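Asker: structural data only, the sequence is not supplied:
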């Protein structure tokens, strides 16, 4: 009976003799695990990052926007305050503007006017890196995101400096370009882009600035903080009963859940699609091993004449198949990891300025799945040719031309 060392040596010798065919078969095997690791690893990385970002805004945050021709006013604020699920809230004005930095580059910034004392509750974890939050009466002072005042680690503006933004305003039904000047009171620490707020590229003004600086008559929306995440569903239901189709309601908790469910479905879809590529490996292994058996018929006859049993022959050919599979899966997983990082190199843009930068999530479970499927394909694809080789009659095999 052959020992493991003899099996390995003979298998490597057989692969070297048919080098080109073996390399092509190994490449076919590598496609499956490479596709699985790169696609699913990237998808799971984005899933984790997106859900974490949504949760960072607070699972008890609800944002209400007017729909159709409905206009939000102070009466709506007072009505929502009375709901038992509500902890606190702030209406806000929102506008978009173009901002030019001293180096000549321009960027689109989002301008919010709201109760700045609630900024930390709306953007959970946000911190003032420099300066302070201005009092409500100083509506010409602002808190700015890190990317507004800096670029490539170069700081252009500091506390007390004036910045100018061009915004579009409506006057007599016509859009006009207005220049808004405000003074920096505080600078936020780098935070990252999240939906529906991108703190790094935003300017936050006191609530009174909405009318006086931004020329907005009606509230753009209302940030609502529920007493707990468990009450969010009840709060959303109450708001829908009150306003019906007159408003749009964004629940960050529901968005996180929905995004997670959608990407889990995509994960299963990608797993199925990438698994199809294992069929290439299966046919490649079986074709290679059948061809090898036919070409080595006389060799099989000699082995049996020398005393090799049918089990020895079966083991030898089956190990050749497994050896190609192991080399292929190792190459495929390595290539898949490199490919996953290459795919995730560029930020994923989802909504407006909301971009997601994420590292692939390469887990042991993902690698185990790729390895397990590959080994199953290698064993099943090589089993029938190996069985055929083991059943050859020595005399007939030696006569084979």
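Answerer: It's in. Note that this is a predicted model, so its numbers are computed, not measured. Residues are numbered from 1 along each chain as shown.
Asker: spit out the contact partners of residue 31.
Answerer: 277, 280-281, 332 (CB atoms under 8 Å, 6 or more residues apart in numbering). Yep, even glycine has a C-beta here, placed from its N, CA and C like the rest.
Asker: pull out the buried positions in stretch 296-315.
Answerer: 296-297, 299-301, 303-304, 308, 312-315 (16 or more other CB atoms under 10 Å).
Asker: out of the contacts of residue 31, which end up buried?
Answerer: 277, 281, 332.
Asker: burial check on residue 16, number of neighbours?
Answerer: Residues lying near residue 16 (other CB atoms under 10 Å) number 9.
Asker: what's the farthest-apart pair in the contacts of residue 31?
Answerer: 280 and 332 (11.5 Å; CB to CB).
Asker: rounded mean pLDDT for stretch 27-37, please.
Answerer: In this model, stretch 27-37 has a mean pLDDT of 84.
Asker: gap between the residue nearest to residue 22 when sequence neighbours are not counted and residue 312?
Answerer: Excluding the flanking residues, the one nearest residue 22 by CB to CB, 6 or more residues apart in numbering is residue 15, at 4.4 Å. In this view, residue 15 and residue 312 are 18 Å apart by CB to CB, to the nearest Å.
Asker: quick one on the thing from earlier: which ones are touching the residue nearest to residue 22?
Answerer: Counting by CB under 8 Å, 6+ apart, residue 15 has contacts 22, 320, 323-324.
Asker: A helix includes it, no?
Answerer: Yes. The assignment for residue 15 (DSSP: H, G, I helix; E, B strand; the rest coil) places it in a helix.
Asker: and residue 230, its phi and psi?
Answerer: The phi/psi pair for residue 230 (degrees, to the nearest 10) reads phi -70, psi -20.
Asker: how many neighbours does it have?
Answerer: Residue 230 has 12 nearby residues by other CB under 10 Å.
Asker: looking at the contacts of residue 15, which one is closest to residue 202?
Answerer: Nearest member of the contacts of residue 15 to residue 202, counting by CB to CB, is residue 324, at 55.3 Å.
Asker: test my guess that the closest one contacts residue 27.
Answerer: No. In this structure, residue 324 is not within contact of residue 27 by CB atoms under 8 Å, at 10.2 Å.
Asker: all strands in this protein, in order from the N-terminus.
Answerer: Under the criterion DSSP state E, the chain contains strands at 61-66, 86-100, 106-114, 128-131, 141-144, 150-151, 154-155, 162-171, 174-188, 202-206, 221-226, 247-251, 348-351, 354-356.
Asker: circling back to that earlier point, pLDDT check: weakest of the contacts of residue 15?
Answerer: Among the contacts of residue 15, residue 22 has the lowest pLDDT, at 78.
Asker: low-confidence ranges in the stretch 1-150 of the chain?
Answerer: 1-3, 6-7, 50-58 (pLDDT under 70).
Asker: and the residue nearest the centre of the protein?
Answerer: residue 46 (1.0 Å; CA atoms, centre = their mean).
Asker: distance of that one relative to residue 360?
Answerer: Counting by CB to CB - residue 46 and residue 360 are separated by 9 Å.
Asker: overlap in contacts of those two?
Answerer: In contact with both residue 46 and residue 360: residue 344, using CB under 8 Å, 6+ apart.
Asker: domain assignment for this protein?
Answerer: Here the chain is described, according to automatic domain parsing, as comprising the domains 4-55+258-399, 61-227.
Asker: would you format the ones you listed as TSV with distance to residue 244 included?
Answerer: Below are those laid out as TSV (distance: least, CB to CB, whole Å):
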stretch	distance to residue 244
domain 4-55+258-399	21
domain 61-227	9
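Asker: quick one: which of residue 324 and residue 27 has more around it?
Answerer: Neighbour count, other CB under 10 Å: between residue 324 and residue 27, residue 324 has more, with 27 against 16.
Asker: so who does the more buried one touch?
Answerer: 15, 22, 25-26, 29, 285, 288, 378.
Asker: try 6 Å
Answerer: 25-26 (CB atoms under 6 Å, 6 or more residues apart in numbering).
Asker: do the same with residue 122
Answerer: With CB under 6 Å, 6+ apart, residue 122 has these contacts: residue 223.
Asker: quick check: the gap between it and residue 190.
Answerer: From residue 122 to residue 190 the distance is 17 Å (CB to CB).
Asker: swap in residue 318?
Answerer: Taking CB to CB, one finds residue 318 at 56 Å from residue 190.
Asker: quick revisit: reformat the contacts of residue 31 as TSV; add distance to residue 217 and pLDDT.
Answerer: Formatted as TSV, the contacts of residue 31 follow (distance: CB to CB, whole Å; pLDDT from 0 to 100):
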residue	distance to residue 217	pLDDT
277	58	72
280	63	75
281	65	77
332	61	86
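Asker: among the residues you listed, which one lies nearest to residue 93?
Answerer: residue 277 (52.1 Å).
Asker: without its sequence neighbours, what residue ends up closest to that closest one?
Answerer: Nearest to residue 277 is residue 32, by CB to CB, 6+ apart, at 4.5 Å.
Asker: and the one you found, how many neighbours?
Answerer: Residues near residue 32, counting by other CB under 10 Å: 26.
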